[in-house]
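Q: Got a predicted structure here, sequence first:
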Amino acid sequence: MPSFDITSEADMVALKNAIDVAGRAIDNRYDFKGTSAKVELNEKDKLITLHGDSDFQLDQIKDLLFPAMEKKEKDSSKRLEAGDVQKVSGNKVKQELKIKVGIDQDLAKKLVKLIKDSKLKVQASIQGDAVRVSGAKRDVLQETIALVRKTIDDFPLQFGNFRD
């Protein structure tokens, strides 16, 4: 019985590369000279930290970072969960962006409900932080992938582990 998995994994190499590109752009910009503007990646905790002198400067850093991320991995900025802007020592600020990896329970339930309501002849089940879809024919599985791609556009999903 053919099946595939719907997952959501961050490409950490592409993300690190995008952060390096944004860091170089920050270093080269004239309006950031002599400021505390920088971007850091903590791969272990899956956290991006933005440092700046003001909220406006944090927005400027995001305007450099997000296009660099999108260029390396499509929809990767949609997986970021922004934390609150924190005041640090005097007039400096920082903000943490958490990188969401895997499909959380709410989205998994939404995917399963979407697939069951579509009346396609497939079964969907939640397997940890992935959703496994199995059906009798390949064509029906491809229709399911097209349906999910068309409907869920607020979070990056990958379709893999296709088995016949």
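A: The structure has been received and is ready for your questions. Residues are numbered from 1 along each chain as shown.

Q: And the helices in the chain, which stretches?
A: Using DSSP state H, the helices found in the chain span residues 12-28, 55-72, 105-117, 138-151.

Q: Which positions within the longest one qualify as buried?
A: What that stands for is helix 55-72. Along helix 55-72, these residues count as buried under the neighbour rule (16 or more other C-beta atoms under 10 Å): 57-58, 60-62, 64-66, 68-69, 72. Where you see a C-beta, it was placed from the backbone N, CA and C, and this is true even at glycine.

Q: Tell me the one among these nearest to V85.
A: For the buried residues of helix 55-72, the minimum distance to V85 (C-beta to C-beta) is 6.5 Å, reached by L58.

Q: Walk me through the domains of this structure.
A: 3-8+102-163, 12-99 (automatic domain parsing).

Q: confidence score at the spatially most distant residue from the centre of the chain?
A: Largest separation from the mean C-alpha position in the chain: G90, at 32.2 Å (C-alpha atoms, centre = their mean). At G90, the model reports a pLDDT of 79.

Q: Equivalent analysis for G52, please.
A: Looking at G52, its pLDDT reads 90.

Q: how about the closest residue to S54 other than its chain neighbours, what does it touch?
A: Excluding the flanking residues, the one nearest S54 by C-beta to C-beta, 6 or more residues apart in numbering is V93, at 6.4 Å. If you count contacts by C-beta atoms under 8 Å, 6 or more residues apart in numbering, V93 has them with 51-55, 57-58, 85-87.

Q: Those residues into JSON lines, with extra columns for distance to K116?
A: Shown next, in JSON lines, are the contacts of V93 (distance: C-beta to C-beta, whole Å):
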{"residue": "H51", "distance to K116": "46"}
{"residue": "G52", "distance to K116": "46"}
{"residue": "D53", "distance to K116": "51"}
{"residue": "S54", "distance to K116": "49"}
{"residue": "D55", "distance to K116": "44"}
{"residue": "Q57", "distance to K116": "47"}
{"residue": "L58", "distance to K116": "42"}
{"residue": "V85", "distance to K116": "41"}
{"residue": "Q86", "distance to K116": "43"}
{"residue": "K87", "distance to K116": "48"}
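
Q: buried subset of those residues?
A: By 16+ other C-beta under 10 Å, the contacts of V93 give 51-53, 57-58 as buried.

Q: and the residue nearest in space to the middle of the chain, how far is that from A25?
A: With distances taken as C-alpha atoms, centre = their mean, R79 lies nearest the centre of the chain, 2.4 Å away. Distance, R79 to A25, using C-beta to C-beta, to the nearest Å: 21 Å.
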